[in-house]
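Chemist: Compute the structure for the input listed below.
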Amino acid sequence: MAKTTIDTAALHSALDAARQERGLSWRALAGEIGVSPSLLSRLGNGLKPDTDGFATIVAWLKLPAEQFFDRDGGDNGADTREPDLMAQLAPLLRARKDLSETDIKYLEQVIGLAVGHARAQG
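Modeler: Numbers count the residues shown, from 1 in each chain. As a prediction, the model looks like this:
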């Protein structure tokens, strides 16, 4: 049976990128997120966060928790295909407050055409 765990390296990397972008120390980042500095230190050392800590971090990052899942073991018949790109992008585009419905539809069309072109080339 496949086991799903948290990819601590990916989570720590996303936090580090956000930290650097804001020019914060790890301690200041922890304060902004609302978690203890030791939680971020443990992540940096490859240790798993507690459930509440993980939920708080991914909510603060505004990224889907699944982005930080690492599925291990055999597929046991599980579907290993990548999710459809447009299915992933649509909620992200619609969550943007700075885009109108017209903007969203236009971006969906442009991205759809680009993906179709890339698939035809590859």
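
Chemist: Straight-line length of stretch 94-108, end to end?
Modeler: 10 Å (CA to CA, to the nearest Å).

Chemist: Residue numbering should commence at 183 henceforth.
Modeler: With the count now opening at 183, the last piece we talked about shows up as stretch 276-290.

Chemist: could you point out the longest helix in the chain?
Modeler: Secondary structure assigned by DSSP state H gives helix 283-303 as the longest helix of the chain.

Chemist: and it, what's its mean pLDDT?
Modeler: Mean pLDDT, helix 283-303: 89.

Chemist: and that helix, which residues are buried?
Modeler: By neighbour count on 16 or more other CB atoms under 10 Å, the buried set for helix 283-303 is empty. (C-beta placed from N, C-alpha, C; glycine too.)

Chemist: Name the residues of stretch 267-287 that are buried.
Modeler: Across stretch 267-287, burial judged by 16+ other CB under 10 Å covers L271.

Chemist: just to revisit the earlier point, the longest helix of the chain - contacts with which helices or strands?
Modeler: Using 3 or more CB pairs under 8 Å, 6 or more residues apart in numbering; DSSP states H and E as the contact test, the elements touching helix 283-303 are helix 267-277.

Chemist: looking at the chain, which helix or strand is least sure?
Modeler: Here the helix or strand of the chain ranked lowest by mean pLDDT, DSSP states H and E is helix 267-277, holding a mean of 80.

Chemist: residues in contact with that helix?
Modeler: Identification of contacts with helix 267-277 by CB atoms under 8 Å, 6 or more residues apart in numbering yields L281, I286, L289, E290, I293, G294, V297.
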